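Student: Sequence plus predicted model, see below.
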Amino acid sequence: MTIPTPPDLQRGIFQRHVATFKMLGIGFLTLLLLIPLAMIRSVLGERMERRNAAVEEITSILGKEQLLVGPILTVPFRYQFTTWKEEKVGEKIIKKEELATAIANAYFLPATLEVEGAIHPEKRYRGIYEAVVYRGDLRIKGTFTSPDPHILKVEPKDMLWEDSAITLAVPDLRGTQERLNLTWGNQTLPFEPGSKLDGFPSGIHTRIGLAKMTGDIPFEIKLTLRGSEGIYFTPVGVENRVLLSSSWPDPSFKGAFLPTERQVSAGGFKARWQMSHYSRGYPQQWTDRHDSSALDAGMAMSSRFGVSFLTLVDVYRQVERSTKYGILFIAMIFTTFFLFDVLASLKLHPFQYILVAAALCLFYLALLSLSEFIPFSVAYAIAALASTLLISLYCLKILASGAQTLIVTVIMAAVYGFLYIILQLQDYSLLVGTVGLFIALATVMYATRNINWYEGVRK
């Protein structure tokens, strides 16, 4: 009986565990490839920042997102409060209680509010980047009911009706080219710039100077404004009705209320909202004397409703989502090559794995660069075809088998097709992705079921 020498013993141990060593090496290479994927995501982040800066430049000139709050009736009133006044009596200073008078504001919301508008969107470009801007032609009308000061614990004699005003808060009025007027009953009153509402610095107002408000008074405002991204309204009326129409084919209805009726087609959309004041968190009237239920910017945002004109497909977000699967797909392709290595007794060098991984990483870079100029689906097809073709031609040489190269090509086509399906899904992407991974794992388990990993050969 021949006793193996130490070198022979070491070679035997190495041969028995060669598959394990290869697996460890491939795992290390896979983790190492997180570095180029992180670099690609860094480039993606830089491109997104440049896009956002270009969009911000366009919208800063042509108008921001618009949120209309109002119209709101503002009526000043007098109120008295107790104060202490110091007086010197002889050599002593005493405090004397006395009543002082100050002015506060009472705010009243309309009984009915109706808005009819036609929104005309258009795309503006800064280099290769685009932003959606619009011109809105709005007709705002409704009625104000005679307010009851007693609800606010204010005496009617203290109301300063002659200083009453109507105010409408609008974030950006740079697109308004004509003078704005308020039709108040039988009067036509010009608006002045500036809002009379705390927390809403931008807007318009006009003094209506009532002797006293009695009965219901109708109002109407015709407003043309420019904005970007979206237009929103607040349900300040007891009854609220909004009707919008536009040529934009891909509206995104957002906010606290969705349209009760909508018609969307390739030629545009029509949408109607209708709601009451019961669904909001602020009352019909309040004062600015520390009233916690007053309408403020936060309440306006939480109750707003409207439509967004942002493009539905953001190619940068699509590319970002695809890079999240990068390490997974590299591992799947490496697994395929490893199985060829083990089952077909090939001897693939780690450098060959690295070249294949580089081609897989270049897919994401090609996808990012192409999608900035052509539709995402076309960019995806070109990038996937280039990556698959590059790896398949390389496999013809390193695998030395047309059948095995065909298998690699089919697997890569399936992987890229599977990724594209996941990117198009929203609600079911996690479910479909999980099912796909189970299928991939089951395929690997079936292909390796007869391998004796201690010997490295099939039984």
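Tutor: Done, it's in.

Student: A300 contacts L67, correct?
Tutor: Yes - between A300 and L67 there is a contact under C-beta atoms under 8 Å: 6.7 Å. The C-beta positions use only the backbone N, C-alpha and C, and glycine is treated the same way.

Student: list the residues that contact both of these two?
Tutor: Common contacts of A300 and L67 (C-beta atoms under 8 Å, 6 or more residues apart in numbering): A169, T234.

Student: Mind jotting down where the strands sit in the stretch 201-350 of the chain?
Tutor: Counting by DSSP state E, counting those that start in this stretch, one finds strands in the stretch 201-350 of the chain at the ranges 203-207, 216-228, 230-233, 239-246, 252-255, 261-265, 268-276, 285-287, 305-308.

Student: Of the ones you listed, which stretch is the most buried?
Tutor: strand 230-233 (a mean of 24; mean count of other C-beta atoms under 10 Å).

Student: Which residues are in contact with the residue lying closest to T224 once chain neighbours are set aside?
Tutor: In space, and not counting its chain neighbours, T224 is closest to D137: 5.4 Å by C-beta to C-beta, 6 or more residues apart in numbering. Under the criterion of C-beta under 8 Å, 6+ apart, the neighbours of D137 are G117, A118, H120, L223, T224.

Student: follow-up on the earlier one: compare the strands of the stretch 201-350 of the chain and give me the one nearest A379.
Tutor: strand 252-255 (23.3 Å; C-beta to C-beta).

Student: want to throw the strands of the stretch 201-350 of the chain into TSV with mean pLDDT and distance to E98?
Tutor: TSV is the format used below for the strands of the stretch 201-350 of the chain (pLDDT from 0 to 100; distance: least, C-beta to C-beta, whole Å):
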stretch	mean pLDDT	distance to E98
strand 203-207	88	32
strand 216-228	86	39
strand 230-233	90	47
strand 239-246	92	46
strand 252-255	87	50
strand 261-265	89	60
strand 268-276	91	46
strand 285-287	85	23
strand 305-308	90	49
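
Student: would you turn those strands into JSON lines with distance to G326?
Tutor: Compiled in JSON lines, these are given as follows (distance: least, C-beta to C-beta, whole Å):
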{"stretch": "strand 203-207", "distance to G326": "49"}
{"stretch": "strand 216-228", "distance to G326": "34"}
{"stretch": "strand 230-233", "distance to G326": "33"}
{"stretch": "strand 239-246", "distance to G326": "39"}
{"stretch": "strand 252-255", "distance to G326": "29"}
{"stretch": "strand 261-265", "distance to G326": "36"}
{"stretch": "strand 268-276", "distance to G326": "38"}
{"stretch": "strand 285-287", "distance to G326": "55"}
{"stretch": "strand 305-308", "distance to G326": "31"}
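
Student: so which of those strands comes closest to E57?
Tutor: strand 216-228 (11.3 Å).

Student: Can you name every helix or strand that that closest one contacts?
Tutor: If contacts are counted by 3 or more C-beta pairs under 8 Å, 6 or more residues apart in numbering; DSSP states H and E, strand 216-228 sits against helix 34-62, strand 66-89, strand 129-145, strand 165-169, strand 181-184.

Student: so how far is stretch 320-332 from its chain's centroid?
Tutor: Distance, stretch centre to chain centre, for stretch 320-332: 24 Å (C-alpha atoms, centre = their mean, to the nearest Å).

Student: What residues sit buried inside it?
Tutor: E320, S322, T323, Y325, G326, I327, F329, I330, A331, M332 (16 or more other C-beta atoms under 10 Å).

Student: Just name the most buried of the helices and strands packed on strand 216-228.
Tutor: Mean neighbour counts for these (mean count of other C-beta under 10 Å) peak at strand 165-169, with a mean of 23.

Student: in its sheet, what does it sit against?
Tutor: strand 66-89 (antiparallel), strand 203-207 (antiparallel) (DSSP bridges).

Student: Name the surrounding residues that touch it.
Tutor: By C-beta under 8 Å, 6+ apart, strand 165-169 touches 67-74, 140, 182, 184, 189, 191, 195-197, 200, 202-208, 219, 221, 223, 300.

Student: low pLDDT regions in the stretch 1-150 of the chain?
Tutor: Across the stretch 1-150 of the chain, the ranges flagged by pLDDT under 70 are 1-23, 25-27, 30, 59-63, 84, 86-92, 95, 97, 127.

Student: three-state assignment of A400?
Tutor: When classified by DSSP: H, G, I helix; E, B strand; the rest coil, A400 comes out as coil.

Student: same question, the one 4 residues further on
Tutor: Here Q404 takes the helix state, with states given by three-state DSSP.

Student: Let me know the pLDDT of it.
Tutor: We note a pLDDT of 76 for Q404 in this prediction.

Student: How many residues are close by it?
Tutor: The tally of other residues near Q404 (other C-beta atoms under 10 Å) stands at 20.

Student: Surely it is in contact with C395?
Tutor: Yes - the criterion here is C-beta under 8 Å, and Q404 meets it with C395 at 7.1 Å.

Student: Skipping adjacent residues, who's closest to S246 in space?
Tutor: In space, S246 is closest to I119, 4.0 Å off (C-beta to C-beta, 6+ apart).

Student: Okay, angle between the helix or strand encompassing that neighbour and strand 66-89 too, please.
Tutor: Assigned by DSSP states H and E, I119 falls within strand 112-126. Per axes from the mean of the first three to the mean of the last three C-alpha atoms, to 10 degrees, the angle that strand 112-126 makes with strand 66-89 is 110 degrees.

Student: what about V435, distance to A357?
Tutor: 26 Å (C-beta to C-beta, to the nearest Å).

Student: what about the two, which has more around it?
Tutor: A357 (23 against 11).

Student: Can you give me every residue that contacts that one?
Tutor: L29, T30, L33, I330, I333, F334.

Student: In helices only, show me these.
Tutor: Among the contacts of A357, the ones falling in helices (DSSP state H) are L29, T30, I330, I333, F334.

Student: Closest to V132 out of the residues you listed?
Tutor: For the ones in helices among the contacts of A357, the nearest to V132 is I330 (36.8 Å; C-beta to C-beta).

Student: Now for that closest one: which residues touch it?
Tutor: Residues near I330 by C-beta under 8 Å, 6+ apart: T30, L33, A357, L360, C361.

Student: Serialize these to CSV and add fields for distance to A271.
Tutor: As requested, these are exported to CSV (distance: C-beta to C-beta, whole Å):
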residue, distance to A271
T30, 50
L33, 48
A357, 49
L360, 45
C361, 44
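
Student: ok, those residues vs Y380, which is closest?
Tutor: Closest to Y380, out of all of the contacts of I330 and judged by C-beta to C-beta, is L360, at 14.3 Å.

Student: Please settle this for me: is that closest one part of a helix?
Tutor: Yes - the assignment for L360 (three-state DSSP) places it in a helix.

Student: Excluding sequence neighbours, find me the nearest residue to it.
Tutor: Per C-beta to C-beta, 6+ apart, closest to L360 is I330, 5.4 Å.

Student: Quick check: that neighbour vs L396, distance?
Tutor: 21 Å.

Student: Also T335?
Tutor: T335 sits 20 Å away from L396, going by C-beta to C-beta.
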